[in-house]
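# below is the structure, and that's it, no one-letter string:
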Ligand SMILES: Cc1ncc(COP(=O)(O)O)c(C=O)c1O
């Protein structure tokens, strides 16, 4: 999406696609939304999609497909073993990343399971710029621990650092010294760092970090799930990349790593995943885990139709007109809210607009899950479903005490090619109303707390009758049908 100049009107991000298939949405009245939130145990994962107006939970597997992707889905080669669909996918990935060996898996966390099962032994350390929930859960499940070495400024919610996902090189050297290179299973860099607000990593940092790792014989792994956003920021924020094509930047990043894996629910605009392995012996050392956990080596638990769609999607993720839409919409939304005084993560990243809940509802203590409470309040007030990315998304310490997240965020994800700017404007408007009524929002407590990944399946309740009071105030301002 190039910056299109406007004559008189204030420029806005412009979609370079047109909508040909639509899905009707409905907006439940506020009283019903309150009931639905209670039924969902104040956990937005447990809402039914039919009760949601704007689903901004995630961009994972909910991106709109193109006509070319849909057409490709009609021509799969269905075979348990040796499907031509797989070889088309493998060839495309080799063309883009320059890595010829591909292990298919049903989604990103399945790749993480295979990598952790193969490489993490009890007591091992895995170095990351920042963790992702499932990536960390698989490491700890295998007895390892994660060291997060993102630069300190990456965790500052407001900043003008262009690459907040960069790893701190001094921290990296110190960590290798402390842990010992032999005890480090691998170093995992996450492009478009999810949990700190979709913040990118510079090409320079990818190079510097992996150079140090290689000097110590440490295996290097790229999580490319959010690579397409990262590429947009490399191209628009990093001097070295300005005159490179998206494909050239992709190759320069991939060249730094021994292994690249991704969730194709994001990278590829379909549903699936894969691990790309440069070294033949390494590849063979993981091969048997695919039929064991996923499916045969030429489908890995994926639908072959989806594999055809993602092969086209990989090409689309190499097009600036495609990958620039979400970051531009996100920036538009963040700018709107920052102008109003709402505490947002800046600079705007990829993936979604992120509200700094620690600041927005600073009266709610971290043990009452401020980001979790804010995300529920937003559903009640707008039918908008976001995702908590804070203490609720953490797991407790081994002694049962809370591990407080370094940042408490509400993520409003921007699925690709799905929403129009007027819908994004509605979201910004409801956030503004909530900001003006933020004192009314109270805390949450667990009524059912699973030991692992509790944010997916846990149930909570409000610590007072704040949701009822909030819904009433909303109804007073907007009427009961809104
Ligand atoms: C950076 C990153 N890695 C891994 C995953 C896991 O992928 P999946 O949801 O396909 O299991 C995600 C999902 O959101 C992600 O954002």
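Cool, the structure landed. The structure presented is a predicted model; accordingly, all values stated were derived computationally and were not measured. Numbering: from 1, shown residues only.

# what is the neighbour count of residue 61?
Counted with other C-beta atoms under 10 Å, residues neighbouring residue 61 total 16. Heads up, the C-betas are built off the backbone N, CA and C, glycines and all.

# now residue 154
25.

# ditto for residue 119
Neighbour tally, residue 119, other C-beta under 10 Å: 21.

# you'd agree it is up against residue 220?
No: with contacts counted by C-beta atoms under 8 Å, residue 119 stays clear of residue 220, the gap being 11.8 Å.

# and the stretch 51-200 of the chain, which residues reach the ligand?
Contact residues, the stretch 51-200 of the chain versus the ligand (C-beta under 6 Å from any ligand atom): 60, 107, 108, 109, 132, 134, 135, 190, 194.

# so what touches whichever strand or helix holds residue 103?
Applying DSSP states H and E as the criterion places residue 103 in strand 101-105. With contact meaning C-beta atoms under 8 Å, 6 or more residues apart in numbering, strand 101-105 is reached by 86, 89-90, 93-94, 111, 113-114, 261, 272-278, 280, 283, 286-287, 290, 293-295, 297-302, 307.

# before we move on, the earlier item: which neighbours do residue 119 and residue 220 share?
Jointly contacting residue 119 and residue 220 under the rule C-beta under 8 Å, 6+ apart are residue 186.

# tell me the one among the residues of the stretch 51-200 of the chain next to the ligand nearest to residue 461.
Nearest to residue 461 among those is residue 134, at 26.5 Å by C-beta to C-beta.

# need the contact list for the closest one.
Neighbour list for residue 134: 108, 109, 112, 453 [criterion: C-beta under 8 Å, 6+ apart].

# dump those residues into CSV; add secondary structure as well.
CSV is the format used below for the contacts of residue 134 (DSSP: H, G, I helix; E, B strand; the rest coil):
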residue, secondary structure
108, helix
109, helix
112, helix
453, coil
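
# and of those residues, the nearest to residue 350?
residue 108 (15.7 Å).

# correct me, but that closest one touches residue 274?
No: Residue 108 is not in contact with residue 274 according to C-beta under 8 Å; the separation is 9.5 Å.

# pull up the overlap in contacts between these two.
What both residue 108 and residue 274 touch, as defined by C-beta under 8 Å, 6+ apart, is the set 261, 262.

# which residue packs closest to residue 117, ignoring adjacent ones?
Distances taken as C-beta to C-beta, 6 or more residues apart in numbering place residue 289 nearest to residue 117, at 5.9 Å, with adjacent residues excluded.

# quick one: the one you found from residue 352, how far?
Going from residue 289 to residue 352 by C-beta to C-beta, to the nearest Å gives 32 Å.

# more crowded one of the two?
Shown here are residue 289 and residue 352; by other C-beta under 10 Å, residue 352 has more neighbours (31 against 18).

# for the residue lying closest to the more buried one once chain neighbours are set aside, the count of nearby residues, please.
Leaving out its chain neighbours, the residue that sits closest to residue 352 by C-beta to C-beta, 6+ apart is residue 413, at 3.8 Å. Applying other C-beta under 10 Å, we find 25 residues neighbouring residue 413.

# ok, residue 413 touching residue 387?
Yes: using C-beta under 8 Å, residue 413 is in contact with residue 387, at 6.8 Å.

# tell me which stretches of the stretch 151-300 of the chain form helices.
According to DSSP state H, counting those that start in this stretch, the stretch 151-300 of the chain carries its helices in the segments 169-179, 203-215, 227-237, 246-254, 280-287, 289-293.

# now do the stretch 1-150 of the chain
In the stretch 1-150 of the chain, helices defined by DSSP H, counting those that start in this stretch lie at 30-39, 67-72, 84-97, 108-119, 133-141, listed in chain order.

# could you do the stretch 301-450 of the chain as well?
For the stretch 301-450 of the chain, applying DSSP H, counting those that start in this stretch gives helices covering 304-316, 320-323, 325-340, 357-360, 370-382, 421-436.

# now these in CSV, with distance to residue 45 and mean pLDDT?
Converted to CSV, these look like this (distance: least, C-beta to C-beta, whole Å; pLDDT from 0 to 100):
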stretch, distance to residue 45, mean pLDDT
helix 304-316, 22, 98
helix 320-323, 27, 96
helix 325-340, 22, 97
helix 357-360, 17, 98
helix 370-382, 10, 98
helix 421-436, 19, 98
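
# longest single strand anywhere in the chain?
The longest strand of the chain (DSSP state E) is strand 184-190.

# partner strands of that one, with direction?
Here strand 184-190 is paired, per DSSP bridges, with strand 125-128 (parallel), strand 220-223 (parallel).

# most tightly surrounded among these?
strand 220-223 (a mean of 26; mean count of other C-beta atoms under 10 Å).

# which single residue in the stretch 351-482 of the chain comes nearest to the ligand?
Closest residue of the stretch 351-482 of the chain to the ligand, C-beta to the nearest ligand atom: residue 351 (7.5 Å).

# starting at the chain centroid, how far to stretch 437-450?
24 Å (C-alpha atoms, centre = their mean, to the nearest Å).

# quick check: can you list the domain ranges of the chain?
Per automatic domain parsing, the domain ranges recorded for the chain read 30-59+322-478, 67-319.

# re earlier: between residue 108 and residue 274, which one's more packed in?
residue 274 (30 against 25).

# now do the more buried one against the ligand, distance only.
Distance, residue 274 to the ligand, by C-beta to the nearest ligand atom, to the nearest Å: 11 Å.

# and that residue, what is it in contact with?
Contacts for residue 274 (C-beta under 8 Å, 6+ apart) come out as 89, 93, 102, 103, 104, 105, 111, 261, 262, 264, 300.

# could you redo the last one with a cut-off of 7 Å?
Counting by C-beta atoms under 7 Å, 6 or more residues apart in numbering, residue 274 makes contact with 93, 102, 103, 104, 105, 111, 261, 262, 264.

# the last one is in contact with residue 273, isn't it?
Translated: residue 264. Yes: using C-beta atoms under 7 Å, residue 264 makes contact with residue 273 at a distance of 5.3 Å.

# just to revisit the earlier point, could I get the strands paired with strand 184-190 as JSON lines with distance to residue 98?
JSON lines is the format used below for the strands paired with strand 184-190 (distance: least, C-beta to C-beta, whole Å):
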{"stretch": "strand 125-128", "distance to residue 98": "24"}
{"stretch": "strand 220-223", "distance to residue 98": "12"}
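
# right, I'll leave it there.
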